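Q: kindly generate the corresponding structure for this input.
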Amino acid sequence: MKNRFFLLFLTVLLTNTLSAQELNNFKEAKNRNQKPIKQEGVYIDQIDSLMTKSYERGLFNGNVLIVKNDKIIYQKSFGFTDETKQTKLNDKSIFNIGSIAKEFNAVSIMILVERGLLNLDDNIAKFNFGLPKWSEKVTIRQLINYASGIPRIESGLTIINDEVAWNILRSNDSLLFEPGNQLQV
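A: As a prediction, the model looks like this:
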């Protein structure tokens with residue numbers, strides 16, 4: 001944990017130095033009616049200045065959380081939840097992380113396979129999710145290769161919770177294509 005904080009700290013200092021500008025985060029925070037957290041002194045001030053300038057320059061939009069020794073030393077939100085800029089970000093904001101989840105899902109599944117808790121050739125009906133008959137055709141391997149034929153679950157800009165997603169899957173009686181084959185576009 002100390003190495004991570006040191007690396008983050010070093011990155012922040014280098015980036016701050018390279019920006020070649022004196023930043024006055026107290027004035028900027030005051031203008032935004034926010035106060036920077038001062039638990040770690042000047043380093044937190046520099047982090048806040050860096051993140052504020054990054055946001056103002058259009059380089060960053062998101063939430064920042066820095067933890068040291070299991071204690072939050074900096075937490076702040078910059079910007080909006082989406083491109084409509086109608087809802088400001090906060091520490092409860094939910095992000096659509098899109099395709100980045102694919103790698104995490106696949107690695108998690110492969111860890112379970114490595115531990116002998118899953119088999120890539122198991123069909124998903126084995127896990128009793130209450131899915132229709134098509135679940136007997138779809139294997140875990142096909143899921144992680146995106147060759148299952150299961151239709152995408154989308155709702156535009158509306159956030160879908162797990163319950164809604166499961167209801168959509170359970171009410172869908174057919175697949176887009178036969179599992180193992182790619183959809184021909």
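Q: how close does Gln75 sit to Leu50?
A: Gln75 sits 15 Å away from Leu50, going by C-beta to C-beta, to the nearest Å. To be clear about C-beta, it is placed using only N, CA and C from the backbone, and glycine gets the same treatment.
Q: before we move on, what about Val107?
A: In terms of C-beta to C-beta, Val107 sits 31 Å off from Leu50.
Q: so these two - more neighbours on which side?
A: Shown here are Val107 and Leu50; by other C-beta atoms under 10 Å, Leu50 has more neighbours (20 against 11).
Q: tell me what whichever strand or helix holds that one is packed against?
A: For Leu50, the host element (DSSP states H and E) is helix 42-56. Helices and strands touching helix 42-56, by 3 or more C-beta pairs under 8 Å, 6 or more residues apart in numbering; DSSP states H and E, are helix 2-18, helix 25-31, strand 62-68, strand 71-78.
Q: run the angle between the last one and strand 62-68 for me.
A: Okay, so that is strand 71-78. 170 degrees (axes from the mean of the first three to the mean of the last three C-alpha atoms, to 10 degrees).
Q: beyond strand 71-78, next helix or strand please.
A: helix 101-114.
Q: and that following helix, which residues are buried?
A: By 16 or more other C-beta atoms under 10 Å, the buried positions in helix 101-114 come out as Ile109, Val113.
Q: got a list of contacts for it?
A: Leu118, Asn119, Leu120, Ile140, Leu143, Ile144, Tyr146 (C-beta atoms under 8 Å, 6 or more residues apart in numbering).
Q: and the residues you listed, which of them are in helices?
A: Counted as lying in helices by DSSP state H, out of the contacts of helix 101-114, are Ile140, Leu143, Ile144.
Q: what's the closest of those residues to Leu169?
A: For the ones in helices among the contacts of helix 101-114, the residue nearest Leu169 by C-beta to C-beta is Leu143; the value is 12.0 Å.
Q: okay, the residue nearest to Lys88 when sequence neighbours are not counted: pLDDT?
A: In space, Lys88 comes closest to Phe80 once its chain neighbours are excluded; the distance is 5.9 Å by C-beta to C-beta, 6 or more residues apart in numbering. With respect to pLDDT, Phe80 scores 91.
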